Structure formats: structure tokens, C-alpha cells
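**Student:** can't give you the sequence, but here's the structure:
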């Protein structure tokens, strides 16, 4: 008899899925498309060239702002983002963009990229100076990207450094 009362009391205490959903909806802010228009809800993506297996900053290098959350990926390449004074701004892992993967046929092959371009996500900061890529305990590459960031910031402010001609 006591067991029956205990089971009945437990059954009445449990919430139905509709009740659970209502409870969550009351405690959650409504969805707003404003999320993607707020400047704080974005990150940068830097496109860099690769020549002879090394990252180079050239005329094709660019920085773009991407709306949404910074992607937290898993991978074997540690990306360390430094500011212009050498202080660490961010540290995260990502799949190695310097490795080309091929899955043709039965062979799965990977080899280092020799020439091409790569993209690296970066936190939104106007004082990014260098990017250091570390695989295991070995520093793969260290690149000064401050000029690309400065050019992007100037373009955003409308100061492109060019004289307007009529």
C-alpha cells in the first residue's frame, strides 16, 4: 500500500513534456534576428597565402568580418593569436589548414600544402599583431599580420588613404 502511494505521488510530481517546454520558454529570451546585427556577435576570418609550404602575407591577404559565434573546432593545430605588444589575445585548436587531404580511391593521403591559400578564424580585436601556429610542441609558422589588420580597420572607418578624384 505504501509503495502504491509512493508511485502515485511520484507520477503526479513528474512534469509532462509540454510543461517542461513551457517552463523553458518562460525562462528563455525570445529569438531575435538582431543577434547577427550586433557588432559584438562576430569574429574575423583571415585569408593568407601559402608559398613553398610557408604562410606569407601578400597582396591577396585579407581580413573579413563574419557574423555569428566564433567557431570552436577540434584539431591538431594550436593557433596562438598575439597582439602588437606580443601579449596573447587568444589560443585555440583547429584542423590543420596547411595539410591537404585526399580520399581518392582506397588510399587516404595527407601531405603539406606547398602553394595556395588558407583561412584562419580570429577573435574580433583591432590590435592583432601575430599569429603563431603550433603542431604538437613544434612551431610550424609565425606570421606578422598587423598590416592586414590595420588595413581592414582603416577600410571599416572609411579611411582608405586614397584621394578622391572627380
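**Tutor:** Yes, it's here. Being a predicted model, the structure only gives us computed values, none of them experimental.
**Student:** Over to stretch 114-132 now: how far is its first residue from its last?
**Tutor:** 18 Å (C-alpha to C-alpha, to the nearest Å).
**Student:** can you pull the pLDDT of residue 69?
**Tutor:** Residue 69 is assigned a predicted lDDT (pLDDT) of 82.
**Student:** Next one: the residue nearest to it when sequence neighbours are not counted relative to residue 101, how far apart?
**Tutor:** Once flanking residues are discounted, residue 69 sits nearest to residue 41: 7.0 Å by C-beta to C-beta, 6 or more residues apart in numbering. In this view, the C-beta of every residue, glycine as well, is placed from N, C-alpha and C. The gap separating residue 41 from residue 101 is 31 Å, by C-beta to C-beta, to the nearest Å.
**Student:** what separates the residue nearest to residue 69 from residue 99, distance-wise?
**Tutor:** 31 Å.
**Student:** what's near enough to touch residue 93?
**Tutor:** Residue 93 makes contacts with 73, 74, 75, 76, 77, 78, 79, as judged by C-beta atoms under 8 Å, 6 or more residues apart in numbering.
**Student:** Which of the helices or strands spans the nearest residue to residue 145 once chain neighbours are set aside?
**Tutor:** Closest residue to residue 145 apart from its sequence neighbours, by C-beta to C-beta, 6+ apart: residue 131 at 5.7 Å. Assigned by DSSP states H and E, residue 131 belongs to strand 128-135.
**Student:** Skip ahead from whichever strand in the chain runs longest and say which helix or strand is next.
**Tutor:** If you go by DSSP state E, the chain has its longest strand at strand 42-51. Using DSSP H and E, the next helix or strand after strand 42-51 towards the C-terminus is strand 54-56.
**Student:** Just the buried residues of that following strand, please?
**Tutor:** Applying a neighbour-count criterion of 16 or more other C-beta atoms under 10 Å, one finds residue 55 buried in strand 54-56.
**Student:** Pull up the distance across stretch 109-125, start to finish.
**Tutor:** Termini of stretch 109-125 sit 36 Å apart (C-alpha to C-alpha).
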